[in-house]
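Trainee: when you get a sec, could you give me coordinates for this:
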Amino acid sequence: MTMDIYTGDEPPRLDERRLAEDLGVSRTPVREAISRLEQQGLVETVPRRGAFVVRKTKDEILEIISVWAALEGMAARLATKVATDEEIAQLRKLFVTFETAQGAEARIDEYSNTNIHFHQNIIALSKNKLLKEMSDTLFVHMRAIRAQTITERDRMKRSIIDHMHIIEAIENRNTELAERLVYEHCFGLAEHIDNYVDYLE
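Mentor: Okay, the predicted model is just below:
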């Protein structure tokens, strides 16, 4: 889930023996796990080469973002109706140490993780089990592409501003605005990828 899928010339390879050693298990459960990941379309086994994490093309990533926008937008809408004030307050607490872009840039890895947690939390605030299950199928690639692009073309600064506006809309129980701001934030990422990302096929 935390693998850097889109860095480097080749997709990441899953070394069955090393994974078994790192996890302290036999190779059988590792092989079964890789098989399940393959069934989910997250891993591809190449004969005589091994298992590799699947990289999505630019068009596929843009499709994923469109679907994610619909799911997270609905989650934000639901959050304004069903989340408690205390639960919503956790969103703002995520960014206490990142009130400025300079603060975020000083701890880029930490901010990147916080960015991912923010979007996961909005999904969780919907309290909709099916919505969460659907978003989980997209999360690996959403996490990877967000982590990859957060340092590109001033996206971090825009990310902080967008997040603060989304939080405020949810705090104010402004259903329509919260949903729209999430859409705009997601499609801002899509626009950046479409215009500037050249490391996707």
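Trainee: mind giving me the domain split of this structure?
Mentor: Here the domain parsing of the chain from automatic domain parsing is 13-53, 58-196.
Trainee: how far away from the center of its chain is the last one?
Mentor: In this case it means domain 58-196. Distance of domain 58-196 from the chain centroid (C-alpha atoms, centre = their mean, to the nearest Å) equals 8 Å.
Trainee: mean confidence for that domain?
Mentor: Averaging pLDDT along domain 58-196 yields 90.
Trainee: do the shortest one as well
Mentor: Mean pLDDT, computed over domain 13-53, is 91.
Trainee: just say helix, strand or coil for Phe52.
Mentor: strand (DSSP: H, G, I helix; E, B strand; the rest coil).
Trainee: point out the most buried one among the domains of the chain.
Mentor: Looking across the domains of the chain with neighbours counted as mean count of other C-beta atoms under 10 Å, the highest average goes to domain 58-196: a mean of 17. For glycine as for every other residue, the C-beta is placed from the backbone atoms N, C-alpha and C.
Trainee: ends of that domain, how far apart?
Mentor: Start to finish, the residues bounding domain 58-196 are 11 Å apart (C-alpha to C-alpha, to the nearest Å).
Trainee: between the domains of the chain, which one is closest to Thr7.
Mentor: Closest approach to Thr7 among the domains of the chain (C-beta to C-beta): domain 58-196, 6.8 Å.
Trainee: need the contact list for Pro12.
Mentor: Contact analysis of Pro12 by C-beta atoms under 8 Å, 6 or more residues apart in numbering lists 3-5, 52-53.
Trainee: pipe these into CSV and attach distance to Glu16 per row.
Mentor: Formatted as CSV, the contacts of Pro12 follow (distance: C-beta to C-beta, whole Å):
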residue, distance to Glu16
Met3, 15
Asp4, 20
Ile5, 18
Phe52, 12
Val53, 13
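Trainee: of those residues, closest to Asp22?
Mentor: Taking C-beta to C-beta as the measure, Asp22 lies nearest Met3 of the contacts of Pro12, at 13.2 Å.
Trainee: how much space between the closest residue to His119 other than its chain neighbours and Lys132?
Mentor: Spatial nearest neighbour of His119, chain neighbours left out: Glu72 (6.4 Å); criterion: C-beta to C-beta, 6 or more residues apart in numbering. Between Glu72 and Lys132 the computed distance is 11 Å (C-beta to C-beta, to the nearest Å).
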